[in-house]
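**Student:** Let's see this in three dimensions:
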Amino acid sequence: NYTNIAKGISLFTLGLFKKTVIADNLSPWVGDIFTKADQLSFIEAWAGALGYTFQLYFDFSAYSEMAIGLGLMFNLKFPVNFNSPYKATSIIDFWRRWHMTLGAWVKNYLYIPMGGNRYGEWRKMRNLFVSMLLIGLWHGAGWTYIIWGGIHGALLMINHQWRRLNIKLPAVLCWGMTFFSVVIAWVFFRAASIHDAIAILGAMTDVHNIVFPDQGNFPKLLAFLVPYGVSFDVWRVCEPLDRILWNMAGLSIVLAVIPNPICLMERFKANWKWFVLILSLLLISLYKLNTYTEFLYFQF
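**Tutor:** Coordinates of the predicted model:
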């Protein structure tokens, strides 16, 4: 099926681009930040947490899309695994968009066999929490993964109880609360130990430790903030702050505005414009793939 082959190559290329050009470029300084958990300032800690939030998504969704693309080349239709999860407006919504195949498996083979929601509200909450703990344990035999699963389990319980109150909040506020919660939980998922996770979260909440790098125009432009406790010192991560901040802003726009590759494939038309786009992305991806690369999800 030539249409499926064209779609498969396109989807595979889009995933390869996300992996090699975006995720792999985020990896070095995110790793540098998380290895210096006890030395971070407020901005450095937030840069690391947000950087990992983006890195994990672009890495994991990328090879999911590469697998779906490979399947299409052989007329195999694999299920969608990511549906713009960072646009979710609740934790319930997030888990309907993030790692959807795992969510479906846990629902069918853990949550429902434990009783699901058939035996009252308390049993339902218990089953939700236990299911999320087991998802955490599935990712690795470490307390950081179990805590990450426990955080999401607790958030799901709160979300379900909040829905029972039938109180409506603005969508932007719901999105902000959801995204903030997900970022905080990812710190435990990425940190090497509970101690490191707590240190990073401590830096993320220490508004008296806002440090800008003592380089470029930062000291001049932001001198008016000194009376409020802002200071200037050596920036410890492996790339300049301005580049990191531009990366964060650019990736935020990409996630907010540009449809994910699965949605793009719904608009696919085999014409010269698509050919030029996919060929360009493929050449860029292959150029960036000049060293051995690993899939982040299997490095732990």
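**Student:** going forward, measure contacts between C-alpha atoms and count neighbours the same way
**Tutor:** Will do.
**Student:** just for this structure, where's the confidence low?
**Tutor:** Residues of the chain meeting the criterion pLDDT under 70: 235-243, 290-300.
**Student:** Please enumerate the strands of it.
**Tutor:** If DSSP state E is used as the criterion, the strands of the chain fall at 211-213, 231-233.
**Student:** Name the stretch among those that sits most buried.
**Tutor:** Comparing these by mean neighbour count (mean count of other Cα atoms under 10 Å), strand 211-213 ranks first with a mean of 19.
**Student:** what pairs with that strand, and is each one parallel or antiparallel?
**Tutor:** If you go by DSSP bridges, strand 211-213 pairs up with strand 231-233 (parallel).
**Student:** Could you export the strands of the chain as TSV, including distance to L286?
**Tutor:** Below are the strands of the chain laid out as TSV (distance: least, Cα to Cα, whole Å):
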stretch	distance to L286
strand 211-213	34
strand 231-233	38
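**Student:** right, and those strands - which one's nearest P113?
**Tutor:** Checking these against P113 by Cα to Cα gives strand 211-213 as the closest, at 51.0 Å.
**Student:** Run the chain-centre distance for the closest one.
**Tutor:** Relative to the chain's own centre, strand 211-213 is displaced by 26 Å; criterion: Cα atoms, centre = their mean, to the nearest Å.
**Student:** Contacts for it, please.
**Tutor:** S41, F42, I43, F218, P219, V230, S231, F232, D233, V234, W235, L241 (Cα atoms under 8 Å, 6 or more residues apart in numbering).
**Student:** If you rank those residues by neighbours, which is first?
**Tutor:** Counting neighbours by other Cα atoms under 10 Å, S41 leads the contacts of strand 211-213 with 24 neighbours.
**Student:** in terms of contact, does it touch A203 like I think?
**Tutor:** Yes. Applying Cα atoms under 8 Å as the test, S41 and A203 come out as touching, 5.8 Å apart.
**Student:** and for those two, which residues touch both?
**Tutor:** N209.
**Student:** State the distance from S61 to M265.
**Tutor:** 15 Å (Cα to Cα, to the nearest Å).
**Student:** Same question for I43.
**Tutor:** 37 Å.
**Student:** what do you get for L14?
**Tutor:** 10 Å.
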